[in-house]
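Student: coords please:
(one chain, ligands or ions: 1)
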Amino acid sequence: MSRTIQATILRKQVAAIVQAAGSSPAEAEQVAANLVLANLSGHDSHGVGMVPRYVDAVAEGGLKPNASIRVKLDAGAMLAIDGQHGYGQIVGVQAMELGIARAKQNGSCIVSLAESHHLGRIGHFAEMATSQGLVSMHFVNVLSRPVVAPWGGGDGRFGTNPCCIGVPLAGAQPFILDFATSRVAQGKMRVAHNKGEHVPTGYLIDEHGAPTTDPGVVVVPQSNGLFGALMTFGEHKGYGMAVACELLGGALTGGGTWHRPADTARTVLNGMLTVLIDPAKLGTQAAFEQEATAFIEWLRQSPPGAGFEAVQIAGEPERQARATREQEGIWLDDATWREIVEAGKKVGVTVD
Ligand SMILES: NC(=O)c1ccc[n+]([C@@H]2O[C@H](COP(=O)([O-])OP(=O)(O)OC[C@H]3O[C@@H](n4cnc5c(N)ncnc54)[C@H](O)[C@@H]3O)[C@@H](O)[C@H]2O)c1
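Tutor: Below is the predicted model of the structure:
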């Protein structure tokens, strides 16, 4: 049965499973906190529903509990980091902490992170940077299953390759633009499939390359053993962005790009190229603060369009969701909760 769980309780339940799967208590708590924060932020696709996949990935050997980053190259304002297949919620934070310290020293830092297990919600890393007054840009590729079709193509050739930009705003909450380059995140199709819902046209093609509204085509193998695919957002433009993420997050980081047929592995690896800029060191801090604030105010003065209450700034929907879900709890559909209970059983933990 579906259920609504308070964040504090869900954190404990998820931490117990992650710990039983091999993580130290501190690691398990950090992973659980990150996943629950994704749910709180309204992104159930990157929340606790990932736990069954992580448990399987640990068993497969593709996700290594208690791994830390290894710095492969340290050139001051350039860091090349190997995530050593550790939890992205751990190695991603470690890589960002190093990069943030360097950007504060040098004014900027480029952080290349390869071989990280699933990094989850990329906005988490932009929020780390903006909370320190830094601008951050992230280009990420996904080595898992080629679930997104190229513009003009008829099958999946790459992942949902997310892109994220964080900008601190003086005296206000930051701009956090964080999106999959697919029309929707793959995890949202899992959630829709679990709920038995259909999705709008233009999101998906089936295993024969024909348009469909059934999210199951990218969640479970179809009659011929093949999957369908997601479309990119913005037609050829989103497609170009997805390719940029593959080239920067996959090729430039050295983590690798996708160029082979799908397999059944549950492991998800991410490569992430991050660019950090300290506006205070760029010499434009005063103008930046003033101009950014003036522009956001100008945007907000736009009269609401049909069906909207007001113009919003990226990052706001997530903050609003947090405020609501902290109060009301996190709703989990039946299939997602059942999968979490099963994942717990696999590692000897009972959650109910
Ligand atoms: N680690 C991975 O491999 C991976 C892969 C794909 C996606 N993801 C993550 O999945 C999450 C979901 O991605 P998505 O594409 O479904 O996101 P989405 O479509 O829900 O939101 C994208 C962005 O749009 C902004 N936004 C939403 N409504 C808005 C409005 N009315 N006005 C202004 N801005 C608005 C949000 O603040 C957000 O920054 C992201 O956190 C992403 O990082 C991760």
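Student: List the contacts of the closest residue in space to N34 that isn't next to it in sequence.
Tutor: Using C-beta to C-beta, 6 or more residues apart in numbering and skipping residues adjacent in sequence, the residue nearest N34 is Q89, 4.0 Å away. Bear in mind the C-beta positions are built from the backbone N, C-alpha and C, glycine included. Applying C-beta atoms under 8 Å, 6 or more residues apart in numbering to Q89 gives the contacts Q30, V31, N34, L35, L119, G120.
Student: 7 Å instead, please
Tutor: Q30, V31, N34, G120 (C-beta atoms under 7 Å, 6 or more residues apart in numbering).
Student: quick one: stretch 172-189 near the ligand?
Tutor: Yes - Stretch 172-189 is in contact with the ligand by C-beta under 6 Å from any ligand atom, via I176, L177, D178, F179, A180, V184, A185, K188.
Student: so the fourth one makes contact with P162?
Tutor: I take that to be F179. Yes - between F179 and P162 there is a contact at 6.4 Å, judged by C-beta atoms under 7 Å.
Student: more neighbours, the two?
Tutor: P162 (27 against 18; other C-beta atoms under 10 Å).
Student: Okay, that one and the ligand: tell me how far apart.
Tutor: From P162 across to the ligand, the span is 4 Å (C-beta to the nearest ligand atom, to the nearest Å).
Student: I figured that residue hits S182, correct?
Tutor: No - judged on C-beta under 7 Å, P162 makes no contact with S182 at a distance of 9.0 Å.
Student: What pLDDT does the model give the residue nearest to N34?
Tutor: Looking at Q89, its pLDDT is 98.
Student: Ok, D74 next?
Tutor: pLDDT, D74: 96.
Student: So in terms of bridging, what pairs with it?
Tutor: Each beta-bridge partner of D74 is listed here: L79, as defined by DSSP bridges.
Student: Neighbours of it, how many?
Tutor: Neighbours of D74 (other C-beta under 10 Å): 12.
Student: do you know how far it is from the ligand?
Tutor: 25 Å.
Student: Likewise for P215?
Tutor: In terms of C-beta to the nearest ligand atom, P215 sits 13 Å off from the ligand.
Student: H138 too?
Tutor: For H138 relative to the ligand (C-beta to the nearest ligand atom), the value is 8 Å.
Student: got a pLDDT number for the closest residue to E197 other than its chain neighbours?
Tutor: Distance criterion C-beta to C-beta, 6+ apart; nearest residue to E197, sequence neighbours excluded, is P215 at 7.1 Å. As predicted, P215 sits at a pLDDT of 96.
Student: Name the residues that touch stretch 188-202?
Tutor: By C-beta under 7 Å, 6+ apart, stretch 188-202 touches 44-45, 49, 183, 211, 213-216, 218-219, 231, 333, 335-336.
Student: Which member of the residues you listed is positioned nearest P304?
Tutor: Taking C-beta to C-beta as the measure, P304 lies nearest R183 of those, at 24.8 Å.
Student: what about the closest one, how many residues close to it?
Tutor: 21.
Student: Wait, it touches F233, no?
Tutor: Yes - with contact defined as C-beta under 7 Å, R183 reaches F233; the gap is 4.9 Å.
Student: Neighbour count added to the contacts of Q89, as a markdown table?
Tutor: What follows is the contacts of Q89, written out as a markdown table (neighbours: other C-beta atoms under 10 Å):
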| residue | neighbour count |
| --- | --- |
| Q30 | 18 |
| V31 | 27 |
| N34 | 24 |
| G120 | 25 |
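Student: and these, which two are the farthest apart?
Tutor: Once C-beta to C-beta is applied, the contacts of Q89 give Q30 and G120 as the farthest pair, at 11.3 Å.
Student: Then the residue nearest to N34 would be within a strand, right?
Tutor: No - read with DSSP: H, G, I helix; E, B strand; the rest coil, Q89 is helix and lies in no strand.
Student: and it, how far is that from the ligand?
Tutor: 10 Å.
Student: what's the span of stretch 130-145 from first residue to last?
Tutor: End-to-end distance for stretch 130-145: 31 Å, by C-alpha to C-alpha, to the nearest Å.
Student: tell me which residues of it are tucked away?
Tutor: Buried residues in stretch 130-145, counted by 16 or more other C-beta atoms under 10 Å: 130, 132-145.
Student: Could you pull up the mean pLDDT of that stretch?
Tutor: Mean predicted lDDT for stretch 130-145 stands at 97.
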